[in-house]
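# Just need the structure, nothing else, for what follows:
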Amino acid sequence: MHRGPDEQGVYESDAISLGATRLKIIDLASGDQPIVSDDRDTVIVFNGEIYNHIELRAELEQRGHRFHSRSDTETVLNAFREWDTGCFSRLRGMFAVALWTESKKRLVLARDRMGIKPLYIARRGTELYFGSELKTLFVHPEIDRQLSLAGLDCYLSLNYVPWPWTLIEGIEKLHPGHWLEWRDGEVREEAYWRLPTGPTRNWSQGAAMEELDALLGQSVREHLLSDVPLGLWLSGGLDSSTLLHYITTSSTARLKTFSIAFPGRSFDEMSYIRQVADHYGAAHEELDLNPESGVRDAIEEFAYYSDEPTADAGALPVWFLSKLTKQTATVALSGEGADELFGGYLTYRANDLARPMRRLPQWPLRLALSALRHWPVSDEKIGFEYKVKRFLDGCLMTPERAHVHWNGTFSDAAKQALMQAALPGALDRTLGELSAAGDRLPAYLWFDQQYYLPDDILTKVDRMSMAHSVEVRPPFLDHRIVEFAASLPDHLRVRGSRQKILLRELMKGKLPTSIVRRKKIGFDIPAHDWLRGPLRTMLIDTLSGVSAEHAGLFRTDTIQACLRDHLDRRANLGYHLWGLMILFLWMRKWQVQTTSAASMAREAEDILTSI
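Below you'll find the model as predicted:
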């Protein structure tokens, strides 16, 4: 209901049951779902927004199609009837869609290019179940709630579960940019778009800036399409401030902006946020986030709304930002994607710095790590000592494993100590793609766009915003901008210690200088500090109570040792413990079983031992 509180509908036949809930954004008076074609043969249920639906509608009307609403859902229905699966490559927007053709007993599912909107699928024999949420599948008696070892292997290391896996055995996520067809029990899947990986172009800086300026202007104008109040999530960083600039050049209406503040914290961004909001005359609203803001209650609700847990602690401020937004707006634009496209993460710099370090003997690195264990831990969100330790750990790993370790939590050794038996190595399969691509910037950007962006960043934003019935739109992820960014040479993205070079150069003279020059500050909470303080009781209760229940899979002594080391300030393990707490709260909420998973893990380990 939270994904669509405004209208619900069902279509049923002897072969299929389709249900839809709708959050009304375009054409509030009509467009209710499911929508059935005039000849009653094709049915659609749809989640998302199509920003070029008006121009598509004009073309379809010229081809003889009739429309009964202004809804973009009806445009997709007729586009499918005209071009079949070829229609998906014509759509600009974010979507998950199901289309049923009664005469052919044919179902087609599709997901947008970048994976902004979710779509879960499960096969049981010849039957296919699907939905925008895992909860949709959980209600069916055919779906067992067994923990997936492949999903767990990735979650513990990455903080998220990359497609195709989920944390439930037998349930997968449809690949972004793909469609899937079910017909007579047979399933086939095909890509209609892939992340570009080809050679870069020899862009001059001036020509590239001109192209990006045009693309951003067009994308932002399209993303402003709405029949309900709209705003912007403003962080005071380069990405959201860039969107604010382009919005104000596209619209004369005073824009609502929303932000989260962390008063008294070193990572609080309110001085920058207020500066840029004042610069553009935005109607700004902010919320001070502290442990007395109902944080514990929100975390308890994550288990319901997240579908599958994300160990990204940034989900907490996104929850409160969404709650704030809903008071006066239903749609918000946000800056997701710019870091992955233009090279904004420190991990890209760390990759460069680690290359010469790996040519050194390992013993000096290990000695430095041993000495750092006596360095006092800080309560900073990501303190200097935490960064140094993670960096040196990564220098002892292969490049691809280090890249995910710097943003992740449990190393292979730590994960092995945590589990009663070996996990299946799903992460190795995913990292194999990165290893094959080579230790270079385009490979890391591609990997983050392929996995980190849809399965961590966009998942976090979608679940937390939709929990409050807010639609969040990321203009940077227009596929034309994605394709353009992939064509850039490295020196226009990252050069030495400078990052997101092209975007910064474009915004010089447009944004205040302080905004263009400032370093990135992640949208996160001080997890180390809060788990020692206001969330301490919740952490202890969760890990002590649930870990014993799943002792056949997890080593409870390791969990308790991690807990003691963190609470006694021998180590900063806040992000590790946050991930475990969120995982166990979710497993308890949905009664996810681990007995079969534990048996499978032990059997696999026995086989490996005997080889």
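# In a strand, residue 225, correct?
No - secondary structure of residue 225 (DSSP: H, G, I helix; E, B strand; the rest coil): coil, not part of a strand.
# pLDDT wise, what is it at?
pLDDT recorded at residue 225 is 90.
# can you check the one 4 residues further on too?
The per-residue pLDDT reported for residue 229 equals 89.
# I'd like to know how many residues surround the nearest residue to it once chain neighbours are set aside.
Nearest non-adjacent residue to residue 229, counting by Cβ to Cβ, 6 or more residues apart in numbering: residue 329, 4.3 Å away. C-beta coordinates here come from the backbone N, C-alpha and C atoms, glycine included. Residues lying near residue 329 (other Cβ atoms under 10 Å) number 21.
# Name all residues that make contact with residue 329.
228-231, 256, 258, 470 (Cβ atoms under 8 Å, 6 or more residues apart in numbering).
# Pull out the buried members of those residues.
Using 16 or more other Cβ atoms under 10 Å as the burial test, those include 230-231, 256, 258, 470 as buried.
# Out of the contacts of residue 329, which sit inside strands?
230-231, 256, 258 (DSSP state E).
# can these go into CSV with extra columns for distance to residue 520?
As requested, the ones in strands among the contacts of residue 329 are exported to CSV (distance: Cβ to Cβ, whole Å):
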residue, distance to residue 520
230, 26
231, 22
256, 24
258, 20
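# wait, doesn't residue 255 sit right on residue 229?
No - with contact defined as Cβ atoms under 8 Å, residue 255 does not reach residue 229; the gap is 10.5 Å.
# Would you mind measuring from residue 18 to residue 9?
9 Å (Cβ to Cβ, to the nearest Å).
# Please read the previous query as pertaining to residue 48.
17 Å.
# Which one of those two is surrounded by more residues?
Between residue 48 and residue 9, counted using other Cβ under 10 Å, the more crowded position is residue 48 (21 against 15).
# Check the secondary structure at that one for me.
strand.
# got a list of what the closest residue in space to it that isn't next to it in sequence touches?
Residue nearest to residue 48 in three dimensions, not counting chain neighbours: residue 95, with 3.3 Å by Cβ to Cβ, 6+ apart. The neighbours of residue 95, taking Cβ under 8 Å, 6+ apart as the test, are 46-50, 76, 110-112, 117.
# Go through these and give me the one with the most neighbours.
That'd be residue 111 among those, by other Cβ under 10 Å, with 29 neighbours.
# What's the mean pLDDT across stretch 277-284?
Rounded mean pLDDT across stretch 277-284 is 94.
# Quick check: pLDDT value at the nearest residue to residue 288 once chain neighbours are set aside.
Leaving out its chain neighbours, the residue that sits closest to residue 288 by Cβ to Cβ, 6+ apart is residue 261, at 4.8 Å. Per-residue confidence (pLDDT) for residue 261: 88.
# And for the one 4 residues further on?
pLDDT for residue 265: 73.
# And for it, the neighbour number?
So residue 265, with other Cβ under 10 Å, has 16 neighbours.
# ok, it touching residue 526?
Yes - between residue 265 and residue 526 a contact is recorded at 6.7 Å, counting by Cβ under 8 Å.
# Is it possible to get a markdown table of the buried ones among the contacts of residue 329 that adds distance to residue 288?
A markdown table is the format used below for the buried ones among the contacts of residue 329 (distance: Cβ to Cβ, whole Å):
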| residue | distance to residue 288 |
| --- | --- |
| 230 | 24 |
| 231 | 19 |
| 256 | 18 |
| 258 | 13 |
| 470 | 20 |
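# and these, which two are the farthest apart?
256 and 470 (12.1 Å; Cβ to Cβ).
# ok, back up a step: nearest to residue 180 among the contacts of residue 329?
residue 470 (28.2 Å).
# For residue 127, state which of the buried ones among the contacts of residue 329 is nearest.
Looking across these and measuring by Cβ to Cβ, the closest to residue 127 is residue 470, at 33.6 Å.
# quick one: contacts for that closest one?
322, 325-326, 329-332.
# how about it, phi and psi?
Main-chain dihedrals, residue 470, degrees, to the nearest 10: phi -120, psi 130.
# From residue 318, how far out is it?
10 Å.
# just residue 219 next, same as before
As judged by Cβ to Cβ, residue 219 and residue 318 stand 22 Å apart.
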